[in-house]
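Asker: sequence and predicted structure below; questions after.
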There are 2 protein chains.
Amino acid sequence: MPRLARDHQPTPLPAAAIDRTMRAPEQVYRVLRTAIVSLAIPPGSALSEGEVGAAYAVSRTPVREAFARLAEERLLDVFPNLGTFVSLIDPRLIGEAILIRRLLEGEAVSQAAASRDPALISEMSQALADHAEAVAAGDAAAAYQCDERFHRALFAHQGLDQMWASVDRARAQLERVHHLMVAQRGALGDALAKHRAILSALGRGDPYAAHAAMHVHIEANAVFLDRLASHSHPFVRMP
Amino acid sequence: MPRLARDHQPTPLPAAAIDRTMRAPEQVYRVLRTAIVSLAIPPGSALSEGEVGAAYAVSRTPVREAFARLAEERLLDVFPNLGTFVSLIDPRLIGEAILIRRLLEGEAVSQAAASRDPALISEMSQALADHAEAVAAGDAAAAYQCDERFHRALFAHQGLDQMWASVDRARAQLERVHHLMVAQRGALGDALAKHRAILSALGRGDPYAAHAAMHVHIEANAVFLDRLASHSHPFVRMP
DNA sequence: TCTCAAAAACCTGTATACCGGTACTCCGGT
DNA sequence: ACCGGAGTACCGGTATACAGGTTTTTGAGA
């Protein structure tokens, strides 16, 4: 059942300038997606094409395209003739996202270990170092970006673009959970140790160990899922 | 480098009526996607928003939305200010699609075997029976629909919607290869034996056997991939 | 006939206008 | 004070108009 638009106070849209040299829909999509997955726009918020267009000085047409992409990856719920709303966190989707990531990233890291690509090791080491630095500085946004760099490198260096696209959609759902948990309890640097284990296995060129380390890393999110389902929270969809 | 729009003769668009009670973009998307993956619109064809809109008596706006979705799953290539073209079959994407399907469908069939859901077995049995009938009748389109039903049931009965979405994107790429191979050499009923093996393992509730059978089934597509890369063909992107 | 530049004909990207439909408001009857 | 229904404001869906850019055409001049 759609929540009613009038029940909500004005949605806080992040300030951003749209560069006219690049395609507007892509930029609007990026801005909104970042804001949604970081919980800057809380789940349940009402958005409207006109409102967003006015905020970024573009017309409804590019906004509409951005909305369509966000709706396809389940970050928005569109109710025709009614309104568009940031989707609530759905534990069912979260469980599926964990599964997708485990399967696809497990394979990617296995292949990567077998390939023994020095450039990949180098890139991931750099991402890990930057990640540790961001965690030490307490910068959650930078930390998550480094986390993404670390994981994306696995796919990018082997040309697995489609697989990364699927992983990225799964990450979008999980990122909101992650932010929720980091906000509730300071679990910012939890991934660092796991990343070191993965990198170590990669350095040894051990596909089995790399796969196992990745499995442990991804499945660690399952504890969040349990906590999500047990406690009631306005951001979380209840069964 | 984009192929030039004027180099192509008028693209044959399938006849279809758009029902105004349902959303137009969805229907246009469905019609075009079916036509593209069945090779009714050959790879390399030029499409234009205006042309498609005129063909189905809708404006460019819903067509544009359909184009955006098709471009995202790599069935269209959009070149701004130039034209939009049905993408060539890319062997790299095909290899990735096979991998994605093997990983995700392998997991789904394992879970399904463990769940021992009689309704699932029933649905898949029916799909298999219809599939055999369509093959006997030589109806390629019906056969492929039954194939899809068989595989989709694995996900639908366990609520794995996101995983199916990823599999479906992979299938879109593979379906064109499949049609090409069936056209060149009558390999229409090749999947039937594999489906029976999968269903048998499911009936026994044996996750390992089910997983293995699915692995064999999906990897059978790899022989197509080799043939694709070795022979030159106007529908296939060359490295 | 050949060359080359101007202009017409396309394309997609963006803005704007209109439509049908839903939810909220508010006023009048009770 | 309560209830109901008409009016209104707002939303997304669609159509259309305009802008920026690339390709093809074309025709004037040599």
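Answerer: Nice, I can see it. Residues are numbered from 1 along each chain as shown, chains lettered A, B, ... in the order given.

Asker: alpha carbons only for contacts and neighbour counts from here, please
Answerer: Will do.

Asker: is it correct that A:Asp77 is in contact with A:Val86?
Answerer: Yes: counting by C-alpha atoms under 8 Å, A:Asp77 does reach A:Val86; the two are 6.2 Å apart.

Asker: what sits against the residue most central in space within chain A?
Answerer: For chain A, the residue nearest the mean C-alpha position is A:Ala172 (3.0 Å; C-alpha atoms, centre = their mean). Listed by C-alpha atoms under 8 Å, 6 or more residues apart in numbering or on different chains, the contact partners of A:Ala172 are A:Val37, A:Leu75.

Asker: and with 10 Å instead?
Answerer: A:Arg33, A:Thr34, A:Ile36, A:Val37, A:Ser38, A:Glu73, A:Arg74, A:Leu75, A:Ile94, A:Ala97 (C-alpha atoms under 10 Å, 6 or more residues apart in numbering or on different chains).

Asker: which of the residues you listed sits closest to DNA strand C?
Answerer: A:Arg33 (17.1 Å; C-alpha to the nearest atom of the strand).

Asker: which helix or strand lies directly C-terminal to the strand or helix carrying that closest one?
Answerer: Assessed by DSSP states H and E, A:Arg33 sits inside helix A:24-37. Where DSSP H and E defines the elements, the next helix or strand beyond helix A:24-37 is strand A:46-47.

Asker: helix or strand right after that next one?
Answerer: Criterion used, DSSP H and E; the element after strand A:46-47 is helix A:49-56.

Asker: one step back: any residues in contact with both of A:Asp77 and A:Val86?
Answerer: A:Gly44, A:Ala46, A:Leu47, A:Leu70, A:Ala71.

Asker: ok, the lowest-mean-pLDDT helix or strand in chain A near chain B or not?
Answerer: The helix or strand of chain A with the poorest confidence is helix A:222-230; it has a mean of 85 (mean pLDDT, DSSP states H and E). No: Helix A:222-230 lies apart from chain B when judged by C-alpha under 10 Å from any C-alpha of the partner chain; the minimum separation is 16.2 Å.

Asker: what are the buried residues along that helix?
Answerer: Residues A:Phe224, A:Leu225, A:Leu228, A:Ala229 are the ones in helix A:222-230 that count as buried (16 or more other C-alpha atoms under 10 Å in any protein chain shown).

Asker: C-alpha coordinates for that helix, PDB please?
Answerer: Output of helix A:222-230 as PDB, limited to C-alpha atoms (Å, rounded to 0.1, in the frame of the first residue of the first chain):
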ATOM      1  CA  ALA A 222      23.900 -12.100   7.300                       C
ATOM      2  CA  VAL A 223      24.100 -11.100  10.900                       C
ATOM      3  CA  PHE A 224      22.800  -7.700   9.800                       C
ATOM      4  CA  LEU A 225      20.000  -9.400   8.100                       C
ATOM      5  CA  ASP A 226      19.000 -11.300  11.300                       C
ATOM      6  CA  ARG A 227      19.100  -8.100  13.300                       C
ATOM      7  CA  LEU A 228      17.000  -6.300  10.600                       C
ATOM      8  CA  ALA A 229      14.300  -8.900  10.800                       C
ATOM      9  CA  SER A 230      14.100  -9.100  14.600                       C
END
